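Chemist: Here is my input; please provide its structure:
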Amino acid sequence: RYVVTASDDKKAKIYGQNYNGSWVKKAIIAHDSAIISATFSADSHHLVTVSLDNTSKIYGQEAGGRWVHKHTISHNLMINLAIFSPDGHHLVTASDDHTAKIISQKDDGSWEDKLTLSHNDWVTFVTFSADSRHLVTTSFDNTAKIFCQKTYGLWEEEFTISHDDWIDLASFGADGRHVVTVGNDTKVKILERNEDGAWLEKLIISHDDIVNSATFSFDGHHLVTASSDHTAKIYGEKTAGSWEKTVIIPHDDSVASADFSADGRHVMTLGEDNKVKIHSQQANGSWEENVTISHDDFINSATFSADGRSVVTVSNDGTAIIYGLKTDGSWQKEATISHDSWVNSASFSPDGRHLVTASKDRTAKIYGQELDGSWVEKAIISHNDSIDSATFSSDGHHVMTISDNNKVQINRLRMSH
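Modeler: Numbering: from 1, shown residues only. Below you'll find the predicted structure:
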């Protein structure tokens, strides 16, 4: 029920929804320079801003809906990222000043700096595990560091992962027992935490060019990598704890990304060859190509719905294409949404029954799925400039669009059948 905007005018604005559906400005957050991001905690009770003035500010919601400044985090150089832990009790920042800072919420609701984590170069990325007990930092100093919060509340470094070049990304598996790092040295490393808490390197995956992504399946037993060497690779964890390559997925150009469906039974790879490929896991554990989705121009994104039963691809050819999973396990095209210019993005509603596209033609289109499975246009949202993104709220009742003219528009949906 809240939206926050970030702007080059040095201000972030929080809007809240009234009971009658109208939106009212709740607070203005001011910085001394442009604000590059603003993010809510998972429960929406806090938000954090990141500004080019080298500070992040935490705001909290008080009784009656008032938003109050809680804490300011300062760095000596630019802050690249600020994220809340999944439980909302911690925040971590990553900065070009070679440090990351952990800030934690006290029992009285205030926030305090808990620990400054040091690297020998820019800290490029940070992320928490799903249980909020671990975090991993990555740096241009060719290392990633895993930290753990102990039972007495202090954070301690547990392990350092080294690559032969800077590390771009890192992420935890859903169970928190695995970490994957992506280095600019064309390598991916999988680490596992033993019962005694020690981290052990389990596998090094090599590509012949830069690795663009590495993603665990939700159950943590599979991993897919995407590389500029024109391949994606799927690895599976065996019962003995080892990891083995199960398939190589070829494209005719760089593979920009790869992702699993929610149930882990399907993998979608996005290539710069204007193709998206979906591979499905068979009963014997093997992976086979199910369908190839083609566009006439560059594909900007490919996204599974939350239930993993639909896929949408969007392209500079002015179309978004929806595919659906059928009862026989095949993927079939269900709709093509046309725009008069590039389609920049598309996202599903949380229940997967609606979809919104964002286009350079200054419109966003909302489509809904009928009982017979067909997709029908429900509404068109217009701006005075290109629409960069359009997303649903978590309850699916609102759509937020962001355009090139620095305007954020919130649209309340009235569903009818």
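Chemist: hey, let's count contacts and neighbours off CA atoms from now on
Modeler: Will do.
Chemist: Need the residues that contact stretch 142-160.
Modeler: For stretch 142-160, contacts defined as C-alpha atoms under 8 Å, 6 or more residues apart in numbering pick out 114-115, 133-138, 161-167, 170, 181, 183, 198-199.
Chemist: Show me which positions of that stretch end up buried.
Modeler: Of the residues in stretch 142-160, 142, 143, 144, 145, 146, 147, 148, 155 count as buried by neighbour count, 16 or more other C-alpha atoms under 10 Å.
Chemist: On the strand side of things, show who residue 250 bridges to.
Modeler: Note on residue 250: beta-bridge partners by DSSP bridges are residue 231.
Chemist: Let me see the ranges of the strands in the stretch 251-400 of the chain.
Modeler: Using DSSP state E, counting those that start in this stretch, the strands found in the stretch 251-400 of the chain span residues 255-260, 266-271, 275-281, 287-294, 299-304, 310-315, 319-325, 331-338, 343-348, 354-359, 363-369, 375-382, 387-392, 398-403.
Chemist: Tabulate those strands (TSV), appending mean neighbour count.
Modeler: Output for those, formatted as TSV (neighbours: other C-alpha atoms under 10 Å):
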stretch	mean neighbour count
strand 255-260	25
strand 266-271	26
strand 275-281	21
strand 287-294	16
strand 299-304	23
strand 310-315	25
strand 319-325	22
strand 331-338	17
strand 343-348	27
strand 354-359	27
strand 363-369	22
strand 375-382	16
strand 387-392	24
strand 398-403	20
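Chemist: can you put these in TSV and add distance to residue 121 and mean pLDDT?
Modeler: Below are these laid out as TSV (distance: least, C-alpha to C-alpha, whole Å; pLDDT from 0 to 100):
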stretch	distance to residue 121	mean pLDDT
strand 255-260	26	97
strand 266-271	32	98
strand 275-281	36	97
strand 287-294	40	97
strand 299-304	31	97
strand 310-315	37	98
strand 319-325	41	98
strand 331-338	45	97
strand 343-348	34	94
strand 354-359	37	94
strand 363-369	41	93
strand 375-382	44	92
strand 387-392	32	85
strand 398-403	34	77
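Chemist: Please identify which of these is closest to residue 32.
Modeler: strand 398-403 (23.2 Å; C-alpha to C-alpha).
Chemist: and the two most separated of the buried residues of stretch 142-160?
Modeler: 142 and 155 (21.9 Å).
Chemist: Sketch out the strands for the stretch 1-150 of the chain, chain order is fine.
Modeler: 2-6, 11-17, 23-30, 35-40, 46-51, 55-61, 67-74, 79-84, 90-95, 99-105, 111-118, 123-128, 134-139, 143-149.
Chemist: will you turn those into JSON lines that also has distance to residue 249?
Modeler: Formatted as JSON lines, the strands of the stretch 1-150 of the chain follow (distance: least, C-alpha to C-alpha, whole Å):
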{"stretch": "strand 2-6", "distance to residue 249": "39"}
{"stretch": "strand 11-17", "distance to residue 249": "43"}
{"stretch": "strand 23-30", "distance to residue 249": "47"}
{"stretch": "strand 35-40", "distance to residue 249": "35"}
{"stretch": "strand 46-51", "distance to residue 249": "38"}
{"stretch": "strand 55-61", "distance to residue 249": "41"}
{"stretch": "strand 67-74", "distance to residue 249": "44"}
{"stretch": "strand 79-84", "distance to residue 249": "32"}
{"stretch": "strand 90-95", "distance to residue 249": "34"}
{"stretch": "strand 99-105", "distance to residue 249": "36"}
{"stretch": "strand 111-118", "distance to residue 249": "38"}
{"stretch": "strand 123-128", "distance to residue 249": "28"}
{"stretch": "strand 134-139", "distance to residue 249": "28"}
{"stretch": "strand 143-149", "distance to residue 249": "28"}
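Chemist: closest one to residue 259 among those?
Modeler: Nearest to residue 259, of those and by C-alpha to C-alpha, is strand 123-128 at 18.1 Å.
Chemist: now the angle between strand 111-118 and that closest one, please.
Modeler: With axes from the mean of the first three to the mean of the last three C-alpha atoms, to 10 degrees applied, the angle from strand 123-128 to strand 111-118 works out at 130 degrees.
Chemist: didn't residue 67 look like it was pressed against residue 27?
Modeler: Yes. Using C-alpha atoms under 8 Å, residue 67 is in contact with residue 27, at 6.2 Å.
Chemist: shared neighbours, the two?
Modeler: By C-alpha under 8 Å, 6+ apart, no residue touches both residue 67 and residue 27.
Chemist: just for this structure, where's the confidence low?
Modeler: By pLDDT under 70, the low-scoring segments of the chain are 1-3, 5-8, 13, 15, 17-26, 405-410, 414-417.
Chemist: gap between residue 154 and residue 111?
Modeler: Counting by C-alpha to C-alpha, to the nearest Å, the gap from residue 154 to residue 111 is 15 Å.
Chemist: Same question for residue 86.
Modeler: Residue 86 is 16 Å from residue 111, by C-alpha to C-alpha.
Chemist: before we move on, what about residue 195?
Modeler: Applying C-alpha to C-alpha, the value for residue 195 to residue 111 is 32 Å.
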